[in-house]
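In: Need a 3D model of the following:
(2 chains)
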Amino acid sequence: MPIKVQPFVIDEAVLDLIGNEFKFDHAKGLAEWLKNSCDAYLREKTPDDQQFMVVRLAEDGHQQLGRIECIDFVGMSKSQIDDAFKRFFDPQAAKKGAKEAQIKTLGGHGNGGKFYMRQMFKTSRAITYRDGKMNIFGFNAKRQYGFEEGFEDRKTSLNEAMKKAGIDKLKLPVGIKKALEEGEAGFTVVVGEHPHKAKGTANRNGLVEKLIMHPQARRLIARLPISLLLNNEMNPVRLAAPKLSPKEGFEDSIIIEVPDKLDLEGKAVQFKNKKYSWPGRLVLKTSGEPLRGNLMTLNTIDFIGEVGVIGSYRIHELGPTRFSGQVEFIYGECECPILEDPDYDSVRNDRQKLLENDRSEALLAWVRAQVEALAERMETKQVQEKKQQDLKNTSALNELLNRWKNRFMGQVWAEMFAGKGPSGIAGTDPGGGRGGSGEGGAGEEANGGGTEGGSEKKRKPRFPQVLVSGQDHDPLDPLATEPFHCDPRHPAIYQRPKDVEAGIYWINTARPLSEKILSAYSADSPRWREYLFQRYVDIIVKEAIYQTGKMETSLTPDMVSARIDDVVTRVHDQAAQDLDSFLFQETFGIK
Amino acid sequence: MQALTRPQKILTVMFELSEGQQKALQYEDIVVSAFKRYPEDFQLRGYPQYPDSSDIHKPLYEMKQQGLVRSANKTFELTPRGLEVCEQLVHREAKNKDRLTKAEESEINRILGSAAFRLFQEGHKESILDTDFYEYLGVTVRTSRADCYGHLSNVEHAIAAHEKKRADALSPMLRTLHEFLIPKFKVEIDSRK
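Out: Residues are numbered from 1 along each chain as shown, chains lettered A, B, ... in the order given. Here you go, the predicted model:
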């Protein structure tokens, strides 16, 4: 049907409808104003360190905020007001007047700052000065907008304009002052009068605290010279974003590249195309303190599009994660330019959450998985540290059992095997305690330690040395700085081939039963001492069987069974005599 | 019919001495019996009336690495696979060549029941431990390097037999697992005495 195209007629009521959706508080609104100021500097290609902005808060005498201002030193011309400031819903609004056509700006849909002015104050205005002309444009109490009478492209001196804007006495950086005087810079003061009350941001302390934590503002505050003025102060104080010390052991940021494509319920979602060649990256960081209470808002992953934050998710909003205790220490940001692809936009008007679509859902799920993987590593480390603490007493207990075992084996081996050492060559090892006292041993076994094919003779302990995993360092690795750890699936007593050579056994404290005893009863309990003792029984039995195997031409099940009975009986009888307090007393002190 | 090699002659001697059973044989008994049965092969150079034990020792050691023989305390014993090889040499039976032998079946069953195979099947092959590898081969941390090589040879033989005789969906899995495990854990064998 051929039509004569007419401009759309839209009732102003739609502004209330959409404005209410923003659900502003003053931190969020101020962040919008700061982003607009930052974009003004970006349009002028001003370097970061010269993007001077001031947030000025004035109280009403009852410690409530009476006025909120955001000041920058760029300024707007009337044409910029007409083309950009006056226009709602213009995705190019932030780019209007830019020196560079392809400039990337923080502003998206050109609405946030204006809606904040309109919705959250009784009246508001932008007092702006550029090229010797002053404009004041704002909203009245009926939320209508327009130029203030007499202030539409009004020729004004700099001093007069600054006085009108209330910034004439402000202490400014030398560079800004010079640029103003030379006409190279202007200024804009966005003023909101009689702010509506908003939870948590009705007074100045609450507002500043929330502002420096706000995902849209904190990155700007960290990077740019943004200052604060309260009431009649004239000397701006630079705002600082909260600095978090990292968690010990996780000091370095974890950088993970976003894959070219991600799976979403069996469907491949692309994160790279002709326009967007780089899929992006996720940067995860840790905090030494849990991000709760006033730091709660930092427990967040910010999503960054082409330049600024286009969505922020508290970690719990990413979806259920395991290791909830650890995720409280994690924060980060995910850069993903393709989220701003106009052909499949994932950016919402208010830039709080991403628009729900396949791409954003796939990315959120992937980020959640990476956060969970980091949390798992942190949990593992914490568990190990806790266990190491639990095992602090075990070394002394183990040393006692080692000495007892050497004495026992010295006697029993002399009786059972005519003095033949269990590990082959009898011990002349001078190492402290390793070789035992040597009682009962009657010389060397010439045939080596049960292995064949070699004639190399190494000095090694006469009886095995028993060590505790997770507590003792590997004596065969002189460079080890960490205790030796066994896997939970390794046997309760574990040896590597080189341990066999050196006569070392590891009691695996990572086994589920061991973990259970340590967590339920602690390393000071008789249950734990008994567990250690039982592992020694295992080791002695094993040694006895191998020794028997070396002496017999063939080993039948009956022979093995008889040997086990014999050794275990002897071990138990001896332990009943020697280890009474070790095994049965509730508290056991090592002398 | 092809003439037996020297190692095959030793195997047949051991088979006769052990009456076709797994039985520990004294080294001296093997040397004397081999000499009596095959005097030309096992006589001392220059003294044909005496046996030369060194002619026996080296092949025995090689057969140990091939998984045909195992030894302890100067005794030697045929392995299940060694027995099967002997049966073929002695009886020259026309066995059903499409069926896995008892020894091959036993190797495959052990592999299928191992933690290494389960983890591999579940897609967690990176979680396979050294101790899982020992179970896979049927050895322990104390098994000598030569015996480990014997077990490794038996496993390789069994997988090859599975590929040839069964050639079902399991065969490539067994092969892939084996090829994953060997480079990862071979050092565990080579570092032994």
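
In: and residue 4, what element?
Out: Since you didn't name a chain, this refers to chain A. Of the helices and strands defined by DSSP states H and E, none includes A:Lys4.

In: Buried ones in stretch B:106-125, by neighbour count?
Out: B:Ser106, B:Glu107, B:Ile108, B:Arg110, B:Ile111, B:Ser114, B:Ala115, B:Ala116, B:Phe117, B:Leu119, B:Phe120, B:Lys125 (16 or more other C-beta atoms under 10 Å in any protein chain shown). No exception for glycine: its C-beta is placed from N, CA and C like everyone else's.

In: again, but for stretch B:146-157
Out: Buried residues in stretch B:146-157 (16+ other C-beta under 10 Å): B:Ala146, B:Asp147, B:Cys148, B:Tyr149, B:Gly150, B:His151, B:Leu152, B:Ser153, B:Asn154, B:Val155, B:His157.

In: same thing with stretch B:162-171?
Out: Buried positions in stretch B:162-171, judged by neighbour count with 16+ other C-beta under 10 Å: B:His162, B:Lys165, B:Arg166, B:Leu170, B:Ser171.

In: One more: stretch B:186-193?
Out: B:Glu188, B:Ile189, B:Arg192, B:Lys193.

In: now these in CSV, with distance to A:Asn135 and pLDDT?
Out: Below are those laid out as CSV (distance: C-beta to C-beta, whole Å; pLDDT from 0 to 100):
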residue, distance to A:Asn135, pLDDT
B:Glu188, 80, 88
B:Ile189, 84, 90
B:Arg192, 87, 84
B:Lys193, 91, 78
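
In: Turn those residues into TSV, columns for distance to chain A and secondary structure.
Out: Formatted as TSV, these follow (distance: C-beta to the nearest C-beta, whole Å; DSSP: H, G, I helix; E, B strand; the rest coil):
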residue	distance to chain A	secondary structure
B:Glu188	6	helix
B:Ile189	8	helix
B:Arg192	5	coil
B:Lys193	4	coil
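
In: In the stretch 301-450 of chain A, where is pLDDT below threshold?
Out: Within the stretch 301-450 of chain A, the segments meeting pLDDT under 70 span A:419-450.

In: change it to 80
Out: A:307-308, A:349-351, A:384, A:386-393, A:418-450 (pLDDT under 80).

In: can you give me the helices for it?
Out: A:324-327, A:358-390, A:394-417 (DSSP state H, counting those that start in this stretch).

In: right, and the helix or strand after the last one?
Out: Proceeding N to C from helix A:394-417, the next assigned helix or strand is strand A:465-468, under DSSP H and E.

In: and of the buried residues of stretch B:146-157, the nearest to A:Arg462?
Out: Distances from A:Arg462 to these, taken as C-beta to C-beta, are shortest for B:Asp147 (25.3 Å).

In: The residue nearest to the closest one when sequence neighbours are not counted is in what secondary structure piece?
Out: The spatial neighbour of B:Asp147 that comes closest, neighbours along the chain excluded (C-beta to C-beta, 6 or more residues apart in numbering or on different chains), is B:Arg70 at 6.0 Å. Assigning secondary structure by DSSP H and E places B:Arg70 in strand B:69-72.

In: how close does the residue at the greatest distance from the centre of chain B sit to chain A?
Out: Relative to the mean C-alpha coordinate of chain B, counting by C-alpha atoms, centre = their mean, the farthest residue is B:Gly46 (34.0 Å). From B:Gly46 over to chain A the distance is 28 Å, taken as C-beta to the nearest C-beta, to the nearest Å.

In: Looking at the buried residues of stretch B:162-171, which two lie furthest apart in space?
Out: B:Lys165 and B:Leu170 (11.7 Å).
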